[in-house]
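*Asks:* build me a structure from this.
(chains A, B, C and D)
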2 protein chains.
Amino acid sequence: MQKAPPKIKDVAQVAGVSTATVSRALTQPDRLSEATRAKVFDAIEATGYRVNQAARNLRTRRAGAVLVLVPNLGNPFFSAILSSMNDVLSANGYSVLVFDSQQPGASEQAVADCFLNGSVDGMITLDGNMSTITAKALRSANMMQNVVFCCEWSDQWPLPSIRSNNGLGARLAVDHLVALGHRRIAHVTGPDCNILAQMRKSAYIDRCAAHGLDIAPDWIVQGDFSLGAGALAADRILAVNSRPTGVFCASDAMALSFVARCRQRGVRVPEDMSVIGFDDIEMAAFSEPGLTTIRQDRSGLGRLAAQELLARLRGEQKTEGAHVIYSPVALIERGTTAPPLDNSADSPANGRTPPSKPTEFQEPVDKPA
Amino acid sequence: MQKAPPKIKDVAQVAGVSTATVSRALTQPDRLSEATRAKVFDAIEATGYRVNQAARNLRTRRAGAVLVLVPNLGNPFFSAILSSMNDVLSANGYSVLVFDSQQPGASEQAVADCFLNGSVDGMITLDGNMSTITAKALRSANMMQNVVFCCEWSDQWPLPSIRSNNGLGARLAVDHLVALGHRRIAHVTGPDCNILAQMRKSAYIDRCAAHGLDIAPDWIVQGDFSLGAGALAADRILAVNSRPTGVFCASDAMALSFVARCRQRGVRVPEDMSVIGFDDIEMAAFSEPGLTTIRQDRSGLGRLAAQELLARLRGEQKTEGAHVIYSPVALIERGTTAPPLDNSADSPANGRTPPSKPTEFQEPVDKPA
DNA sequence: TTGTATGCGTTATCAC
DNA sequence: GTGATAACGCATACAA
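*Replies:* Below is the predicted model:
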């Protein structure tokens, strides 16, 4: 048999006060006299009392939990982000509920239900594509102001968004290759519907144009951020007539498998093919050669998103409209990029001389003009 | 302003029945007549009613949530496991709360509180080292029977344990190298305190002995499963006097960085050094050369653990003592292992001939005799 | 099969 | 500063 756990009433009895006083000792200790507060805490200690969350939640209409919506939990890119979110949220008394937005089952309805039945107070979504069923639930539960985007986002919803400066990242990548002397630069994209893929791709196109570089149609290969896509993209790009000398991959996963497939097929990296990724996942530093890439501060993204949500939950930050916070990106030079050996191609003059930079470096690319 | 969400009373009014009937329609639909059940569901539809979880939890003394305790959420090894756990748990109406057991803060107390305040119904822990504070909370909340180990475990607690056959995996790894002709085999371990590291290391030692192979002391290098450890281990092992020709790494992360460092230092893999890992993480198939490794069925481990916990929560599986379920492991041959080129060493006769196998292959190594 | 009435454990609203 | 008491929304024992 199991002794029933002590309730607030038991504590009150032991302390010789009312239940209301015990409750206050827990939630607003300042409003009690020194003496009674001590009595209550002693009684709590003596009885081993713990507040019953369900009862508290029912009474306060709060849940003490937030939902983190991850597209594909199996993708290791998200683990560092999730970790830092968890750190700050749990440090602030919130439990973290994890959902996978790409799960085959009725996950959309499950997310919606969380809001409709009051089991979460807010959400951080790493998925830029918010389902209509989720949006409807958020509105219905009056929870729209307790949602923040992280990494991905959607312009459709005027919600806070913590993100890397993807345009700047892509620009740094292209500029790096150009500075090395590359003039035929390919790109492996993410999924068409993905906002990050869109940003990186369009910045790549713009930046090549700014450098006066042509992009052959078959230099842009559709990917999906995954390892498998990188290998397939390598097959495609190595078969192209006018082979590029450098490639910018929209994720490190694709870049790493791109490099591996190149070497497997006897194409040297970086001598015959320079490769630059995006993300700076841990593996990037430990591959051979080390992967040149654009670093995203993943734990920073998670932390900022969690802090932003906490501010919302506290009722601060009632700023209307999309509140965008940029997390820094940086070029990390490692071993997969180098000047191209083959400069026989379309470079009019001396291909090895880095062309001048048409525009300034400082201006964040993502920010609206 | 926001209209108050409909309660069970509102539904009852619309349906023209009592609140008890509405409640029954939700929890035991069979006990209602066809007609009233239809009426109730129509009313639910009409009002947009959703049950309030906090109220239900308070009343039923359940939480509808389970806790998954992960050692280092940032480690991508766990993401696939977490994903499959999430699939089956959420499909069965449970929310998944994630905690990081190695988080610096007061995470131990946070986990304990979850049980003491009734906010979770059970736990799957991927961390074999259960803190005493957690154990105390589990006993106090009478929750010890609602805990299952996954991947790691502790013999100290007679709880269900879903695990790979680590001994067999290590044995397959050693046998593979031996069959290729290696006679000097090194090992990079996990942390000393880790049960998986212990199992793999002792099986490695036993199996080498069974093959009549000596192990020089400096062939066993302390690691910690991480990428960084693999690179350091490579430095150590490449500097050894009587250099091994093959190495068994206790994780793929270490194996991959081991290979990278070897190649960085001009040591060819697999020609000069064969490397085999453990886990079969996705990257193993996309590195160059592909990493030979021992596959763990990560999503299977997560699924089995979730199912085991569900059975416990349903009150089934009241089997006393440790209930061990083995998930299969398998040798995956890729490109980082090959016969050793250098056979000048201590092999008495023809080093390239695979030695006979002293014992049978079938017997699972982990299982008690 | 359905309705009535009570209580789950806490916090908020009043009084004092 | 503290105490009595009424909700919070639901599920269930019991009665019908």
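*Asks:* CA atoms for contacts and neighbours, from now on please.
*Replies:* OK.
*Asks:* now the nearest residue to residue A:53 once chain neighbours are set aside. Its backbone dihedrals?
*Replies:* Spatial nearest neighbour of residue A:53, chain neighbours left out: residue B:117 (5.7 Å); criterion: C-alpha to C-alpha, 6 or more residues apart in numbering or on different chains. Backbone torsions for residue B:117, taken as degrees, to the nearest 10, come to phi -100, psi 10.
*Asks:* ok, residue B:117 - contacts?
*Replies:* By C-alpha atoms under 8 Å, 6 or more residues apart in numbering or on different chains, the contact list for residue B:117 reads A:50, A:51, A:52, A:53.
*Asks:* residue numbers of the stretch 1-150 of chain A in contact with chain B?
*Replies:* A:2, A:5, A:50-55, A:57-58, A:63, A:72-77, A:79-83, A:86-87, A:91, A:95-100, A:103, A:105, A:113, A:116-119, A:141-142 (C-alpha under 8 Å from any C-alpha of the partner chain).
*Asks:* return the members of these classed as buried.
*Replies:* A:5, A:50-55, A:57-58, A:63, A:72-77, A:79-83, A:86-87, A:95-100, A:103, A:113, A:116-119, A:141 (16 or more other C-alpha atoms under 10 Å in any protein chain shown).
*Asks:* out of these, which touch DNA strand C?
*Replies:* A:5, A:50, A:51, A:52, A:53, A:55, A:58 (C-alpha under 7 Å from any atom of the strand).
*Asks:* are we agreed that the second one is in a helix?
*Replies:* No - under the criterion used here (DSSP: H, G, I helix; E, B strand; the rest coil), residue A:50 is coil, not part of a helix.
*Asks:* correct me, but it touches residue B:116?
*Replies:* Yes - in this structure residue A:50 lies within contact range of residue B:116 using C-alpha atoms under 8 Å: 6.3 Å.
*Asks:* contacts for stretch A:158-170 next, please.
*Replies:* Under C-alpha under 8 Å, 6+ apart, the answer for stretch A:158-170 is A:145, A:147-153, A:196, A:199-204, A:278, A:294, A:296-297, A:301, A:304-305, A:308, A:320-331, A:364-366.
*Asks:* what mean pLDDT does stretch A:93-105 get?
*Replies:* In this model, stretch A:93-105 has a mean pLDDT of 86.
*Asks:* how distant is that stretch from the center of its chain?
*Replies:* 15 Å (C-alpha atoms, centre = their mean, to the nearest Å).
*Asks:* ok, stretch A:115-135 next?
*Replies:* Mean-position distance between stretch A:115-135 and its chain equals 16 Å (C-alpha atoms, centre = their mean).
*Asks:* what lies in contact with the host helix or strand of residue A:294?
*Replies:* Using DSSP states H and E, residue A:294 falls within strand A:292-296. Strand A:292-296 has contacts (C-alpha under 8 Å, 6+ apart) with A:164, A:169-170, A:172-173, A:252, A:275-281, A:284, A:327-337.
*Asks:* change it to 7 Å
*Replies:* A:164, A:169, A:173, A:276-280, A:328-337 (C-alpha atoms under 7 Å, 6 or more residues apart in numbering or on different chains).
*Asks:* one more: stretch A:49-64?
*Replies:* Here stretch A:49-64 makes contact (C-alpha under 7 Å, 6+ apart) with A:6-7, A:93-95, A:118-121, B:54-55, B:57-58, B:116-119.
*Asks:* if we look at DNA strand D, which of those are close to it?
*Replies:* With the criterion set as C-alpha under 7 Å from any atom of the strand, the members of these near DNA strand D are B:55, B:58.
*Asks:* which of the contacts of stretch A:49-64 fall within helices?
*Replies:* B:54, B:55, B:57, B:58, B:116 (DSSP state H).
*Asks:* please look at residue A:227 and residue A:254 and confirm they touch.
*Replies:* Yes - taking contacts as C-alpha atoms under 7 Å, residue A:227 lies within contact range of residue A:254: 4.9 Å.
*Asks:* so for the two, which sits in the more crowded spot?
*Replies:* residue A:254 (31 against 22; other C-alpha atoms under 10 Å in any protein chain shown).
*Asks:* how near is that one to residue A:240?
*Replies:* From residue A:254 over to residue A:240 the distance is 18 Å, taken as C-alpha to C-alpha, to the nearest Å.
*Asks:* now the residue nearest in space to the middle of chain A: how far from residue A:230?
*Replies:* Geometric centre of chain A, nearest residue: residue A:151, 3.4 Å, by C-alpha atoms, centre = their mean. According to C-alpha to C-alpha, residue A:151 stands 21 Å off from residue A:230.
*Asks:* now do residue A:114
*Replies:* 37 Å.
*Asks:* then residue A:30?
*Replies:* For residue A:30, the distance to residue A:230 equals 59 Å [C-alpha to C-alpha].
*Asks:* likewise residue A:160?
*Replies:* Distance, residue A:160 to residue A:230, using C-alpha to C-alpha: 32 Å.
*Asks:* settle it for me: which of the two has more neighbours?
*Replies:* Neighbours were counted for residue A:160 and for residue A:230 using other C-alpha under 10 Å; residue A:230 has more, 31 against 26.
*Asks:* could you find the closest non-adjacent residue to that one?
*Replies:* Per C-alpha to C-alpha, 6+ apart, closest to residue A:230 is residue A:254, 3.8 Å.
*Asks:* wait, isn't the one you found in contact with residue A:229?
*Replies:* Yes - using C-alpha under 7 Å, residue A:254 is in contact with residue A:229, at 6.1 Å.
*Asks:* anything in contact with each of those two?
*Replies:* In terms of C-alpha under 7 Å, 6+ apart, residue A:254 and residue A:229 are not both contacted by any residue.
*Asks:* low-confidence stretches in the stretch 201-350 of chain A?
*Replies:* Low-confidence segments of the stretch 201-350 of chain A (pLDDT under 70): A:317-321, A:342-350.
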